[in-house]
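Student: here's a sequence, model it:
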Amino acid sequence: MGKGSHNTRIEKHDDEQQIDSKSPHRLPTLSEIKVKIPAHCFRPTVTQSMSYVVKDIVYVAITFLVMWQIQNRFQYGFLLFPLYWYIQGTLYTSLFVLGHDCGHSSFSFYPLLNDIVGTILHTWILAPYYTWKLTHNHHHKNTGNIDKDEVFYPHRGEPYEESIRDDIFFWFPGVGWFYYLANGYAPRNVNHFNPFESIFYDRHLFGVCSSLASYLGMCYLMYLFASTYGFLTLFAYHLIPVCIFASYMVIITMLHHTEIDVPWYADSEWNNVKGQLSTVDRHYGHAHSVIHSIGTHQIHHLFTKVPHYHLEEATEHFRRAFPDLVRFNDETVLFAFARMCKIFLRQRSIQGDVRVFTYTDNNNKNSKKTCTN
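Tutor: Numbers count the residues shown, from 1 in each chain. Presented below is the predicted three-dimensional model:
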């Protein structure tokens, strides 16, 4: 595929038309896309954004208190812990998405408010807000770029070899989130807890250190809680839901950037529009609205300033105006992760001269599709 062409797998839904993935066409500019979306979709309000914060915090508190009462009042109340873990882990993911808005300044027009709210929300779920904000924005600036993206990019010149780490990643994806925070994604490693990493140092040092200091404060609060109620209580009520949230993070991040026939570009072939359009919308079933429509990922990547509560509306306008650019996969998310995780692990190793790369549904690791035009 040459520069400027478009290769995609598109599900046909309602008035969305199917296109021939081999047909070249000119991609619109960001400005041409933006004019098709109502202007109010780009304007967050403090009142609306904060209302979601308050609502989600109340839901988290109620879920905790209900489980606490059930466990202490009923002999077999502990049997409901798996349900609690799923619900609370999902709600923790919703907190993360709100902090994610803060990191993109789509929460409000006030940077200080964004960073304060984002730090509080992310610190509660053990995510280092400011350092992740910086690496995540780096991801947005290089989405779909094999040579510069932040995570889940194809590896050049590294032959695939099965390892126990692949099995751990497949069965316990949340482990991958904490590994990423501590080590980054090889070979472009970044430690999110080291304020002296080159991406964090200098003008971001105050924000990074403030965020990490808050993280240490959260660790101390957990120590006090464990000292009073026991570590097992901390583990059951907070740390396991954090692990569920971590699993959401890995699954969401991978599936929105990894799918059959979704292209990855070498730096020489990449441009911003092509990269941002190489993302996939997915629906998370009953959890979709709870985690604030994070599945509407194409619009989020095209325009990070759209707050989560306008993503669905903006996506509708985008799909009507540019049906041939829509990437949507309605496969059940866990099935999609199981399928694409195996394909990703076996096909992510590519040759050093590959300029455009796509995954295929051929499980033979030696026959994956690559383009070296």
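
Student: what helices and strands are in contact with the helix or strand harbouring residue 233?
Tutor: With elements delineated by DSSP states H and E, residue 233 resides in helix 231-234, which encompasses its position. If contacts are counted by 3 or more Cβ pairs under 8 Å, 6 or more residues apart in numbering; DSSP states H and E, helix 231-234 sits against helix 205-229. Every C-beta, even on glycine, is put in place using the N, C-alpha and C of the backbone.

Student: how about the helix it packs on: buried residues?
Tutor: Counting neighbours by 16 or more other Cβ atoms under 10 Å, one finds that the buried residues in helix 205-229 are 207-208, 211-212, 214-215, 218, 222, 226.

Student: I'd like the distance between residue 297 and residue 262.
Tutor: For residue 297, the distance to residue 262 under the criterion Cβ to Cβ, to the nearest Å works out to 11 Å.

Student: sorry, back to before: beyond the helix holding residue 233, next helix or strand please.
Tutor: Scanning forward in sequence from helix 231-234 by DSSP H and E, the next helix or strand is helix 240-255.

Student: now the buried residues of helix 205-229 in a markdown table, with pLDDT and distance to residue 124?
Tutor: Formatted as a markdown table, the buried residues of helix 205-229 follow (pLDDT from 0 to 100; distance: Cβ to Cβ, whole Å):
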| residue | pLDDT | distance to residue 124 |
| --- | --- | --- |
| 207 | 94 | 18 |
| 208 | 95 | 18 |
| 211 | 96 | 13 |
| 212 | 96 | 15 |
| 214 | 97 | 10 |
| 215 | 97 | 10 |
| 218 | 98 | 7 |
| 222 | 98 | 10 |
| 226 | 97 | 16 |
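
Student: just the CA atoms of stretch 158-172, as CSV, please.
Tutor: What follows is the C-alpha trace of stretch 158-172 in CSV, where atoms were taken according to Å, rounded to 0.1, in the frame of the first residue of the first chain:
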residue,chain,number,x,y,z
GLU,A,158,13.0,-9.6,16.8
PRO,A,159,12.0,-13.1,15.9
TYR,A,160,9.0,-14.5,17.8
GLU,A,161,9.8,-17.0,20.5
GLU,A,162,7.1,-18.4,22.8
SER,A,163,7.6,-17.6,26.5
ILE,A,164,5.9,-17.9,29.8
ARG,A,165,5.4,-14.1,29.7
ASP,A,166,3.0,-14.5,26.8
ASP,A,167,0.9,-16.9,28.8
ILE,A,168,0.8,-14.5,31.8
PHE,A,169,-0.1,-11.7,29.5
PHE,A,170,-3.0,-13.7,28.0
TRP,A,171,-4.5,-15.0,31.2
PHE,A,172,-3.6,-12.1,33.5
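
Student: hey, where'd the strands end up in this protein?
Tutor: Secondary structure of the chain by DSSP state E: the strands cover 155-156, 184-185, 188-189, 264-265, 281-282, 328-329, 349-350, 356-357, 370-371.

Student: format these as JSON lines; extra columns: distance to residue 306.
Tutor: Formatted as JSON lines, those follow (distance: least, Cβ to Cβ, whole Å):
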{"stretch": "strand 155-156", "distance to residue 306": "32"}
{"stretch": "strand 184-185", "distance to residue 306": "26"}
{"stretch": "strand 188-189", "distance to residue 306": "28"}
{"stretch": "strand 264-265", "distance to residue 306": "24"}
{"stretch": "strand 281-282", "distance to residue 306": "14"}
{"stretch": "strand 328-329", "distance to residue 306": "17"}
{"stretch": "strand 349-350", "distance to residue 306": "33"}
{"stretch": "strand 356-357", "distance to residue 306": "28"}
{"stretch": "strand 370-371", "distance to residue 306": "32"}
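
Student: so which of the ones you listed gets nearest residue 252?
Tutor: Comparison of these against residue 252 by Cβ to Cβ identifies strand 281-282 as nearest, at 8.4 Å.

Student: so what does the closest one touch, helix or strand wise?
Tutor: Taking 3+ Cβ pairs under 8 Å, 6+ apart as contact, the helices and strands that strand 281-282 lies on are helix 297-302, strand 328-329.

Student: swap the cut-off to 10 Å and go again
Tutor: Counting contacts by 3 or more Cβ pairs under 10 Å, 6 or more residues apart in numbering; DSSP states H and E, strand 281-282 packs against helix 240-255, helix 297-302, helix 311-321, strand 328-329, helix 333-347.
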